[in-house]
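[1] Quick one: sequence plus predicted model below, questions after.
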2 protein chains.
Amino acid sequence: MRLSQFFMPVLKETPSGAEIVSHQLMLRAGLVRQSAAGIYSWLPLGLRVLQKIEAIIREEQNKAGAIELLMPTIQPAEIWRESGRYDDYGKEMLRITDRHDRELLYGPTNEELITQIFRDSVKSYKDCPRTLYHIQWKFRDEIRPRFGVMRGREFLMKDAYSFDLSKEEARKSYQKMFISYLRTFERLGLKAIPMQADTGPIGGDLSHEFIILADTGESEVFCHKALLEKSALDTTIDFDDDLSPMMEQWTSHYAATEEMHDATRFEKEVASADQISARGIEVGHIFYFGEKYTKAMKCEVQGPDGKLVTLHGGSYGIGVSRLLGAIIEASHDEDGIIWPNSVAPFDVGIINLKPGDEATDSMCQQFYKALQDHGLDCLLDDTKERPGGKFKTMDLIGLPTQIIVGPKGLKNGIVEIKSRKTGMRQELETKELDIVTAITALTNKGL
Amino acid sequence: MRLSQFFMPVLKETPSGAEIVSHQLMLRAGLVRQSAAGIYSWLPLGLRVLQKIEAIIREEQNKAGAIELLMPTIQPAEIWRESGRYDDYGKEMLRITDRHDRELLYGPTNEELITQIFRDSVKSYKDCPRTLYHIQWKFRDEIRPRFGVMRGREFLMKDAYSFDLSKEEARKSYQKMFISYLRTFERLGLKAIPMQADTGPIGGDLSHEFIILADTGESEVFCHKALLEKSALDTTIDFDDDLSPMMEQWTSHYAATEEMHDATRFEKEVASADQISARGIEVGHIFYFGEKYTKAMKCEVQGPDGKLVTLHGGSYGIGVSRLLGAIIEASHDEDGIIWPNSVAPFDVGIINLKPGDEATDSMCQQFYKALQDHGLDCLLDDTKERPGGKFKTMDLIGLPTQIIVGPKGLKNGIVEIKSRKTGMRQELETKELDIVTAITALTNKGL
């Protein structure tokens, strides 16, 4: 993409009213614009990140055997009456009356609708288990929307729902999502720690929040240091295998949100040197809820013995739009955003220091084409802005690698490459260089 | 995907209340389920088609230089008051009041919001022209939703908006979208004919509907036969070139909807043998509306001479979810859907006639893996259903190519391949065959 033809309205000043750094940077870098309180338009740069995040989540959901569908944003009130939640839900539910005075609502979540779909479609135990998911906009009418996309009203969520014949089967579905979430967040460049969450009246151990650490996090969390060093990507996983041992590795260490924290246990179980106490941001939540919705909504199948079995359910959510804010909270500096490679809106930014200079234009064009041909997305700053402004903008929007091309350098056969993350600059001789190979290598390892 | 692990609830009976064939087939083939009047859930098979359609539209929009962003579904009433449309829009607009009694609405279209975004971001003529688009759910509270996704209430639309410094510049933006639409529909396997549409108070010739022919179309259309034989894909197009000559080729032939039809002109301009009069379905609509929104909303930039210029706008819509219905209306037979290759939910369906038979399972697995490795999406029917039922289901869901594998054939070293479109069957000797190459070739040319 050539910046001269793109739509990327960056702001020089930090807009007033944006309290946290991710909100400030998302506005300044032209990722989003507020359209109403807690409701945002995603500008081209922000949408590119959102789509990359979505793609990674989708890949990992599919890998874990979940099946994608898409439920509508508007739901009929009836199914919420069936589950008993219509009156309970309170003012956070955006209630709507249509022209025929029928009661509708903008879905804040989808347990009811997916249970209705499953109930109406599946009649036999042979069609279980299934985990279905969708990535769809939701609405929660927060009393005080704030922190940009971190606590918006219209937000994008990936929500999956599992249907199993028994609690033991449901545990397997739960484990798949647990591992899938670890992989997903890690691919997004985040260190997400699963923490035991409150199971309320359901009881048991099948509820986890996935929390990333960031100084600006909304709540305090406590965990064993070992959890920060683990990876779920370093082994090949067969989701049909027994995942209990792997799950055990992740849940055996102490990890708790403020709400669930037990200071005595923490002291006892974790040596002082291994104790982490930090701020955290919730980016995912999974839980098993048994027959909560399936019983109320009569979601039953015929078992092998001909008898009806009420299915066991679980819900698995990831806050997709919120993740942009969370990633920025976890990865920025005073100059702007530092995107992890996997979700950067473009892989490389090329700065043309003197548009109109024939040699510079030509070299930029050569880079631009060669890198794109090798599957790297480039943003070429070919505008008339001064170099200083270009450097600032490129740092602000946080592309992993910058290539700086100007007439002075070119006279000496040199271009400069900069890693946004480390700030390291490196001069490369254009004449000796297999340009593409070098840049590709640099980009892949983030210089 | 293995059917035994998929979620594809097909129906044996045609559901009552579905009046037109596309609606019937979408329900029977398990593409959608109604969640409320005119509101549908997209089941996995339907979503796959929707996503393929989206991807083609996106590619062609980008190729024509349009830039993607994403506006929210919920909009504040204020901007509609600014444009003067809030009161005019009537009962089709779904109006919402939030917990703080602020007036919101579910966007039926986005002229106001995009004009606000553009106005607030762009200050100079240097940042024009731009065409911005998004693919987002819309809501129109139709008094009588019907025909499934063809006239739903919650529907997916691609809408683009152009901003230009003058009417002459706007004509260029219009032409890009015109050509882009021809390419898009052709890639979707549709023969779409651009027809002059009513420009109302704006006047001029810059409004076209794109109509596909189908016996079950909603309205009558009239055109010159030559339009059915033209292609917009047979030449390489540079969208920066002057597109007037190409546009002229398409608009010089008579083509009109019932509304715009002039029987005398039709008789005079088109020889009897070349006259086509048929039923049509609208799948796209583009129009130039000048300063209609930009004036009311003060969307101005500073021109080269320092004076403020009110921008000229155009809107360009494609009914994305409606296209599924339109494609099925145009492409089906008594046995079910016949998907064009480009949007089929899977490229190939493999029918295992005897799951449990070792040789058959193994051969199916071999096909499945090899085809996937070569980038073809496969649906493997490995269920216990009887062969007759499997054939019926595979025809119903309309995948372009079927591979039928059973123990009898394998004893003679033979599998059968069937083209859904032509019905042609062909026996292939497995032992002599470079399986993948053969199937890939067959699939690409649709047998």
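    Now that the structure is in, tell me what you want to look at. If you're wondering where the values come from, they're calculated on a predicted model, not measured in any experiment.
[2] Find the nearest non-adjacent residue to the residue of the stretch 101-250 of chain A found nearest chain B, please.
    Nearest residue of the stretch 101-250 of chain A to chain B: A:Ser121, at 3.7 Å (CB to the nearest CB). Where you see a C-beta, it was placed from the backbone N, CA and C, and this is true even at glycine. Nearest-residue entry for A:Ser121: B:Pro9, 3.7 Å, with adjacent residues in sequence omitted and distances by CB to CB, 6 or more residues apart in numbering or on different chains.
[3] How is the one you found assigned, secondary-structure-wise?
    coil (DSSP: H, G, I helix; E, B strand; the rest coil).
[4] follow-up on the earlier one: if I read this right, the residue of the stretch 101-250 of chain A closest to chain B contacts B:Leu11, doesn't it?
    No - judged on CB atoms under 8 Å, A:Ser121 makes no contact with B:Leu11 at a distance of 9.4 Å.
[5] quick one: common contacting residues for those two?
    Shared contacts of A:Ser121 and B:Leu11 (CB atoms under 8 Å, 6 or more residues apart in numbering or on different chains): B:Gly30.
[6] So the two - more neighbours on which side?
    Ranked by neighbour count (other CB atoms under 10 Å in any protein chain shown), A:Ser121 and B:Leu11 place A:Ser121 first, with 17 against 13.
[7] ok, now which ones touch the more buried one?
    Per CB under 8 Å, 6+ apart, neighbours of A:Ser121: B:7, B:9, B:30, B:33.
[8] and the residue nearest to A:Glu13 when sequence neighbours are not counted, what does it touch?
    Nearest residue to A:Glu13, sequence neighbours excluded (CB to CB, 6+ apart): A:Arg28, at 8.0 Å. By CB under 8 Å, 6+ apart, the residues touching A:Arg28 are A:10-11, A:13-15, A:336, A:396.
[9] now those: which count as buried?
    A:10, A:336, A:396 (16 or more other CB atoms under 10 Å in any protein chain shown).
[10] on that earlier part again, need the contacts of A:Arg28 in CSV (columns: pLDDT).
    Shown next, in CSV, are the contacts of A:Arg28 (pLDDT from 0 to 100):
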residue, pLDDT
A:Val10, 97
A:Leu11, 96
A:Glu13, 90
A:Thr14, 88
A:Pro15, 87
A:Gly336, 98
A:Leu396, 98
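[11] any chance of the residues you listed in JSON lines, plus secondary structure and distance to B:Arg322?
    Shown next, in JSON lines, are the contacts of A:Arg28 (DSSP: H, G, I helix; E, B strand; the rest coil; distance: CB to CB, whole Å):
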{"residue": "A:Val10", "secondary structure": "coil", "distance to B:Arg322": "37"}
{"residue": "A:Leu11", "secondary structure": "coil", "distance to B:Arg322": "38"}
{"residue": "A:Glu13", "secondary structure": "coil", "distance to B:Arg322": "43"}
{"residue": "A:Thr14", "secondary structure": "coil", "distance to B:Arg322": "43"}
{"residue": "A:Pro15", "secondary structure": "coil", "distance to B:Arg322": "39"}
{"residue": "A:Gly336", "secondary structure": "strand", "distance to B:Arg322": "42"}
{"residue": "A:Leu396", "secondary structure": "helix", "distance to B:Arg322": "40"}
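[12] Closest one of the residues you listed to B:Gln175?
    Distance to B:Gln175 across these (CB to CB) is lowest for A:Val10, with 30.8 Å.
[13] Can you give me the distance of the closest one to B:Leu27?
    According to CB to CB, to the nearest Å, A:Val10 and B:Leu27 sit 48 Å apart.
[14] what's the burial count for A:Gly290?
    22.
[15] ok, now A:Ala77?
    A:Ala77, neighbours per other CB under 10 Å, totals 17.
[16] That one and A:Leu104 touch, don't they?
    Yes - counting by CB under 8 Å, A:Ala77 touches A:Leu104, with 6.5 Å between them.
[17] Spell out which residues are contacts of both of the two.
    A:Arg95.
[18] Identify the residues contacting A:Thr430.
    A:363, A:410, A:413-415.
[19] taking those residues one by one, which sit in strands?
    A:414-415 (DSSP state E).
[20] Format the contacts of A:Thr430 as a markdown table; extra columns: pLDDT and neighbour count.
    Listed next are these as a markdown table, based on pLDDT from 0 to 100; neighbours: other CB atoms under 10 Å in any protein chain shown:
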| residue | pLDDT | neighbour count |
| --- | --- | --- |
| A:Met363 | 93 | 22 |
| A:Leu410 | 94 | 19 |
| A:Gly413 | 90 | 13 |
| A:Ile414 | 92 | 17 |
| A:Val415 | 93 | 25 |
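[21] now the contacts of A:Thr430 in JSON lines, with distance to chain B?
    Shown next, in JSON lines, are these (distance: CB to the nearest CB, whole Å):
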{"residue": "A:Met363", "distance to chain B": "22"}
{"residue": "A:Leu410", "distance to chain B": "26"}
{"residue": "A:Gly413", "distance to chain B": "32"}
{"residue": "A:Ile414", "distance to chain B": "31"}
{"residue": "A:Val415", "distance to chain B": "27"}
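[22] from the contacts of A:Thr430, which is closest to B:His100?
    A:Val415 (54.1 Å).
[23] Assess the claim that that closest one and A:Pro407 are in contact.
    No - using CB under 8 Å, A:Val415 is not in contact with A:Pro407, being 11.2 Å away.
[24] Now do the helices in the stretch 1-150 of chain A.
    A:21-28, A:44-63, A:77-83, A:85-88, A:111-121 (DSSP state H, counting those that start in this stretch).
[25] Ok, which of those helices comes nearest A:Arg99?
    Closest to A:Arg99 of these is helix A:77-83 (CB to CB; 15.4 Å).
[26] could you dump the helices of the stretch 1-150 of chain A to CSV with distance to B:Trp137 and mean pLDDT?
    Output for the helices of the stretch 1-150 of chain A, formatted as CSV (distance: least, CB to CB, whole Å; pLDDT from 0 to 100):
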stretch, distance to B:Trp137, mean pLDDT
helix A:21-28, 23, 97
helix A:44-63, 15, 98
helix A:77-83, 19, 97
helix A:85-88, 23, 92
helix A:111-121, 15, 97
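[27] Let me know the closest of the buried ones among the contacts of A:Arg28 to chain B.
    Distances from chain B to these, taken by CB to the nearest CB, are shortest for A:Val10, at 9.7 Å.
[28] quick one: contacts for the closest one?
    A:28-30, A:393, A:396-397.
[29] Going by neighbour count, list what's buried in stretch A:399-413.
    Judged by neighbour count using 16+ other CB under 10 Å, the buried positions of stretch A:399-413 are A:399-406, A:409-410.
[30] Skipping adjacent residues, who's closest to the residue of the stretch 251-400 of chain A found nearest chain B in space?
    Proximity to chain B, evaluated over the stretch 251-400 of chain A using CB to the nearest CB, is greatest for A:Lys384 at 8.1 Å. Leaving aside its sequence neighbours, A:Lys384 sits nearest to A:Pro355 (CB to CB, 6+ apart; 6.3 Å).
[31] What is the three-state secondary structure of the one you found?
    Secondary structure, three-state DSSP: A:Pro355 is coil.
[32] burial count for it?
    The number of residues near A:Pro355, taken as other CB under 10 Å, comes to 15.
[33] cool, and A:Gly317?
    Around A:Gly317 there are 23 residues (other CB under 10 Å).
[34] Kindly report the same for the one 4 residues further on.
    Neighbour count for A:Ser321, taken as other CB under 10 Å: 23.
[35] Touching, A:Ile350 and A:Lys369? I think so.
    No - if you go by CB under 8 Å, A:Ile350 and A:Lys369 don't touch, sitting 10.7 Å apart.
[36] more neighbours, those two?
    Using other CB under 10 Å as the criterion, A:Ile350 and A:Lys369 rank with A:Ile350 on top: 27 against 13.
[37] Report the beta-bridge partners for the more buried one.
    Counting by DSSP bridges, A:Ile350 is bridged to A:Leu380, A:Ile403.
[38] which ones are touching it?
    So A:Ile350 contacts A:364, A:367-368, A:378-381, A:402-403, A:405 (CB under 8 Å, 6+ apart).
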